[in-house]
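Engineer: Requesting a structural model of the entry that follows:
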Amino acid sequence: MRLQMKGICIPFVCMILVTCIKCEHNMTKRSSWKTRDDSSKMVKVINRLVRKEMLEHIPSEMESIRATYETSSNQCSDKIKKAVEDCKQCVKKEQELQHNPCVFLLNLVMEVGKWLYKSLIEPYVEAGKLVIDIAGKLKDTLGDLGKDSVQFLNDLGKFSEKLGNDLLKGGGEVIQNSVVALKNVGEDLVRLGDDVAKGVGKGVEDITKGIGNSLDNLRKETGNLIHGIDDVTKDIGKGVQHVATQVFKPVHNVMSSVSRTVGGWFGKRDLNRMRRICSMNCNICDKLDDKKHSKKQIVTNICGTEMNALKERIDKVNKNLKALFDILHASSLPNGLSIIKSVRYDRDSEDDDEAYTENYVTYEMNGKRKEIKSTSVFDRWDLIKYGKSIGNQIMSIIRKQDFAIV
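Structural biologist: Residues are numbered from 1 along each chain as shown. The predicted structure follows:
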């Protein structure tokens with residue numbers, strides 16, 4: 001009996017031993033993971049490199065949406081002008097045929113045209129505010145950018161100049177004084193980039209010291225603009241309003257006297273009936289009628305569904321890029337919160353001298369944390385390459401949400 005029991009126990013004991021060995025092996029494998037948080041010097045370096053990479057993307061992202069919007073908004077603006085002109089000619093014809101005061105309808109359509117025209121300019125104004133905001137905070141971010149400040153400043157400066165030109169094309173000479181400051185800021189940024197390039201060429205380690213005077217002068221200028229940004233925006237708004245009024249002038253002729261007194265002749269029902277009669281044979285006027293359609297629907301009627309979606313997206317991207325820049329800028333301040341919270345890597349995945357293929361990064365933006373599997377090898381001897389890769393990876397993630405921090 002004892003022998004039989006022994007025969008049973010021996011395999012059972014062996015099985016337990018094997019299980020324990022496997023368990024111990026798995027525990028050893030799990031413990032091969034190492035985590036460095038944002039208190040470590042290494043993560044602090046990675047954080048700065050990630051910020052730098054993300055900052056470098058902002059001017060090109062702004063230029064990308066500007067170029068996309070420019071073509072579509074110009075085409076839409078031309079379509080609006082044509083629609084209003086076609087309506088004008090049709091209404092005049094109806095006026096002559098029916099002897100009804102159809103001009104009042106045309107003047108209402110003109111008001112709709114002015115609103116649409118101003119609406120198309122708004123994204124340019126918001127982008128201009130973002131440029132000025134960035135320019136006013138350059139001193140705190142140039143330390144991150146280092147020698148790459150040259151490209152950043154040139155890209156941002158050229159974008160600012162193009163933006164000024166876009167506004168001038170939209171408003172002509174009327175708003176030239178309002179947006180010339182935007183072009184000047186662009187020129188100053190390019191000039192500042194040239195100064196940085198000279199400093200780098202001379203081996204200046206601290207970029208901000210090498211160009212201190214130029215940067216301070218720029219900051220004073222943009223600081224004034226930022227302080228009065230609402231006034232600048234209002235000035236541009238007034239200019240656009242004036243231009244819109246010139247483009248969509250109310251009809252002032254013999255018929256307009258009828259338009260001014262029509263309210264005294266007819267009641268509200270009669271006016272609505274006349275409105276229907278006047279637009280019955282003018283399909284284009286019907287598309288512009290804000291009594292029948294919302295302003296959003298009118299944009300769709302004239303420019304297609306894509307224009308509303310594009311404008312909403314541009315507005316969203318402008319807002320999100322500003323929020324992104326504010327986060328990056330705040331992180332660069334002495335007591336700023338680190339974006340990169342930790343780096344986790346598997347020491348068993350080492351394929352070279354302290355280079356690990358299996359690694360994860362946790363980042364935090366706007367109070368929201370996310371862990372991502374790095375697409376790059378974590379090489380402790382080449383943190384520049386690693387930081388650049390992580391910065392690109394994070395930008396790629398938030399770009400898919402139009403830079404919303406989700």
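Engineer: From here on, just use CA atoms for contacts and neighbour counts.
Structural biologist: Noted.
Engineer: Now Val361. Its backbone dihedrals?
Structural biologist: phi -130, psi 130 (degrees, to the nearest 10).
Engineer: On the pLDDT front, check the nearest residue to it once chain neighbours are set aside for me.
Structural biologist: Spatial nearest neighbour of Val361, chain neighbours left out: Val343 (4.7 Å); criterion: Cα to Cα, 6 or more residues apart in numbering. Note for Val343: predicted pLDDT of 97.
Engineer: Okay, and the beta partners of Val343?
Structural biologist: Residues found in beta-bridge contact with Val343 (criterion: DSSP bridges) are Arg36, Val361.
Engineer: That one reaches Tyr356, doesn't it?
Structural biologist: No: in this structure, Val343 is not within contact of Tyr356 by Cα atoms under 8 Å, at 11.3 Å.
Engineer: What segments of this protein are strands?
Structural biologist: Ranges of strands within the chain are 33-37, 340-346, 350-352, 355-356, 359-365, 368-373, 378-379, based on DSSP state E.
Engineer: State the number of residues packed around Asp194.
Structural biologist: The burial count assigned to Asp194 is 18, neighbours taken as other Cα atoms under 10 Å.
Engineer: That one and Ile121, how far apart?
Structural biologist: Computed as Cα to Cα, to the nearest Å, the Asp194 to Ile121 distance reads 31 Å.
Engineer: so where is the stretch 51-200 of the chain shaky, pLDDT-wise?
Structural biologist: Low-confidence segments of the stretch 51-200 of the chain (pLDDT under 70): 97-105, 167-182, 199-200.
Engineer: quick one, what contacts the residue nearest to Cys76 when sequence neighbours are not counted?
Structural biologist: Sequence neighbours aside, Cys303 is the residue nearest to Cys76 in space, at 5.4 Å (criterion: Cα to Cα, 6+ apart). Each residue near Cys303 by Cα atoms under 8 Å, 6 or more residues apart in numbering is listed here: Cys76, Lys79, Ile80.
Engineer: Type out the PyMOL command that picks the buried ones from these.
Structural biologist: Only the buried members of those enter the following PyMOL selection, criterion being 16 or more other Cα atoms under 10 Å:
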select buried, resi 76+80
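Engineer: Just the closest of the contacts of Cys303 to Ala127, please.
Structural biologist: Taking Cα to Cα as the measure, Ala127 lies nearest Cys76 of these, at 19.2 Å.
Engineer: For the residue nearest to Val361, the count of nearby residues, please.
Structural biologist: Residues lying near Val343 (other Cα under 10 Å) number 22.
Engineer: if you skip the residues just before and after it, what's nearest to Gln306?
Structural biologist: Residue 306: Glu, not Gln. Of all residues beyond its chain neighbours, the one nearest Glu306 is Thr300 (7.7 Å), with distances taken as Cα to Cα, 6+ apart.
Engineer: pretty sure that neighbour contacts Leu310?
Structural biologist: No: counting by Cα under 8 Å, no contact exists between Thr300 and Leu310, whose distance comes to 11.5 Å.
Engineer: Quick one: work out the angle between the longest helix anywhere in the chain and strand 359-365.
Structural biologist: Within the chain, and with DSSP state H defining each element, the longest helix by residue count is helix 41-98. Orientation note: helix 41-98 sits at an angle of 50 degrees relative to strand 359-365 (axes from the mean of the first three to the mean of the last three Cα atoms, to 10 degrees).
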